[in-house]
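K.L.:
Just the structure for this:
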Amino acid sequence: MRIGGWIGLGVLLTAGAATPAVPQIGQALKIARNNQPPPFAFDPRKAPPAPDYASASNWAALPTMRDEADVTPRGVTGVDQREASADVFFIYPTVLMSRTQWNADVRDAALNRKIEETTIRAQASVFNGCCAIYAPRYRQMTLGGYIKWSANSDAATELAYGDVARAFRYFLANHNKGRPFIIAGHSQGSRLGRLLIEREIDGKPVARRLIAAYLIGTWIEKNWFTRLRDVRACTQAYDTGCVVTWSTYAQGRNASLQRVNIGRQSKYTPETRIRPYAGINPYSWSTADAMAPKALNKGSWLYGTGAGPAAPVPGLVSGRMRDGALYISPPGKAYTDLMIPFGNFHNVDYNVAYMNLRENAWVRLGAFWKQ
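P.N.:
Residues are numbered from 1 along each chain as shown. Have a look, this model is predicted:
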């Protein structure tokens with residue numbers, strides 16, 4: 001199973017350690033070279049048609065259809081999503097890698113298959129143990145817009161966000177029916193989820209129904225929460241109305257330095273500033289800078305290469321949270337094959353804590369009902 005392409009700003013062009021291996025530098029430069037933005041300005045008149053969310057074909061996952069969000073690890077069962085008491089609105093990460101278009105066409109069958117067989121199967125499925133899953137297709141920005149940020153990137157992001165916001169409003173009006181809900185995303189999806197909280201949820205009556213937002217694989221500065229009225233950073237397993245976030249790196253790396261270097265080289269100004277970032281350890285559900293031992297890892301999971309899904313692997317890694325980064329012990333070849341230079345496990349942010357996330361969604365839903 002290949003999970004490449006979910007990388008948003010995860011592509012690293014410089015080292016976060018003093019003596020990086022030469023092959024890693026070459027790999028990073030190759031990734032950057034192959035994912036430059038389109039060589040023309042963004043033009044909204046040339047954007048693909050906007051999706052109509054009244055059509056099921058414009059959703060990658062719905063509780064009323066069989067889809068990859070229904071997949072479970074071997075030995076694990078999901079709920080009947082048609083009977084679930086809560087919903088998940090899932091925003092998938094960057095999958096489009098194109099130099100010929102700024103934004104994805106939701107009618108692209110090959111791209112849609114790739115989305116379904118990677119992020120929907122391996123990330124959105126985390127939540128099928130508790131909730132009905134809704135994942136809208138949207139005209140996401142191509143990866144190159146992150147590699148080299150510009151006014152074109154801003155415009156392409158706003159186009160993508162416009163789809164997500166319309167899908168969310170349609171979800172609330174036609175599917176949710178006043179039930180509690182989770183916002184979840186990864187990478188580009190988490191960035192758009194952050195905008196969704198700012199513009200559509202915080203300070204509005206709907207915020208009272210937010211169980212939590214799992215905005216994983218992005219950097220969220222702590223002072224962002226001081227500007228919000230209702231939503232805060234999660235600090236323990238039972239918090240509700242809050243945000244779960246982290247970005248995964250190998251032990252011994254310096255994620256803060258990598259973040260600043262990426263921001264400078266991509267010219268994405270917000271990440272060039274050194275400031276405290278939010279983060280919570282998914283093994284201990286603590287924000288403290290302390291190692292969570294392998295015994296707290298309830299199961300990491302990759303779908304695998306067999307005829308059916310593999311079983312989760314408990315105790316695969318230990319993890320330590322520091323300044324928004326989850327530093328994990330060596331996870332083995334299946335995971336390091338998906339690693340981005342230098343020690344960046346962005347592609348498997350969900351997978352390294354799959355069963356912990358799955359359980360935690362239930363825990364937060366239960367805490368919500370007890371309020």
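K.L.:
Nearest residue to the middle of the chain?
P.N.:
What sits nearest the mean C-alpha location of the chain, by CA atoms, centre = their mean, is His186, with 0.8 Å.
K.L.:
Gly217 is in contact with that residue, correct?
P.N.:
Yes - contact status for His186 versus Gly217: in contact at 4.6 Å, counting by CB atoms under 8 Å. Just so you know, the C-beta spots here come from the backbone N, C-alpha and C atoms, and that holds for glycine as well.
K.L.:
Regarding the chain, what is its longest helix?
P.N.:
Ranked by number of residues, the top helix in the chain under DSSP state H is helix 151-171.
K.L.:
Contact partners for Pro51?
P.N.:
With contact taken as CB atoms under 8 Å, 6 or more residues apart in numbering, Pro51 is in contact with 58, 106, 136-139, 163, 167.
K.L.:
what's the answer for Gly308, then?
P.N.:
The contact partners of Gly308, by CB under 8 Å, 6+ apart, come to Arg74.
K.L.:
what about it, which SS state?
P.N.:
coil (DSSP: H, G, I helix; E, B strand; the rest coil).
K.L.:
just Ala213 next, same as before
P.N.:
Using three-state DSSP as the criterion, the local structure at Ala213 reads strand.
K.L.:
And Phe90, by the same measure?
P.N.:
Recorded secondary structure, Phe90: strand (three-state DSSP).
K.L.:
likewise Leu96?
P.N.:
For Leu96, the reduced secondary structure class is coil; criterion used: three-state DSSP.
K.L.:
hang on, Tyr170 packs against Ala50?
P.N.:
No - contact between Tyr170 and Ala50 fails when scored by CB under 8 Å: they sit 12.0 Å apart.
K.L.:
now, among the contacts of Pro51, which is nearest to Ala295?
P.N.:
Pro136 (37.9 Å; CB to CB).
K.L.:
And the closest one, what's its pLDDT?
P.N.:
Pro136 is assigned 99 on the pLDDT scale.
K.L.:
And for the closest residue in space to it that isn't next to it in sequence, the neighbour number?
P.N.:
The shortest distance from Pro136 to any non-neighbouring residue, by CB to CB, 6 or more residues apart in numbering, is to Ala167 (3.5 Å). Using other CB atoms under 10 Å, the number of residues around Ala167 comes to 22.
K.L.:
sorry, back to before: just the buried residues of the following helix or strand past the longest helix of the chain, please?
P.N.:
Secondary structure here is assigned by DSSP states H and E; on that basis, the next helix or strand after helix 151-171 toward the C-terminus is strand 181-186. Residues of strand 181-186 classed as buried under the neighbour-count rule (16 or more other CB atoms under 10 Å) are 181-186.
K.L.:
before we move on, what about stretch 293-305?
P.N.:
296-303.
K.L.:
And the residues you listed, which two are furthest apart?
P.N.:
Pairwise over the buried residues of stretch 293-305, using CB to CB, the maximum falls at Leu296 and Tyr303, 23.2 Å.
K.L.:
Can you classify Arg33 by secondary structure?
P.N.:
Going by three-state DSSP: Arg33 is helix.
K.L.:
Neighbours of it, how many?
P.N.:
Close neighbours of Arg33, defined as other CB under 10 Å, add up to 9.
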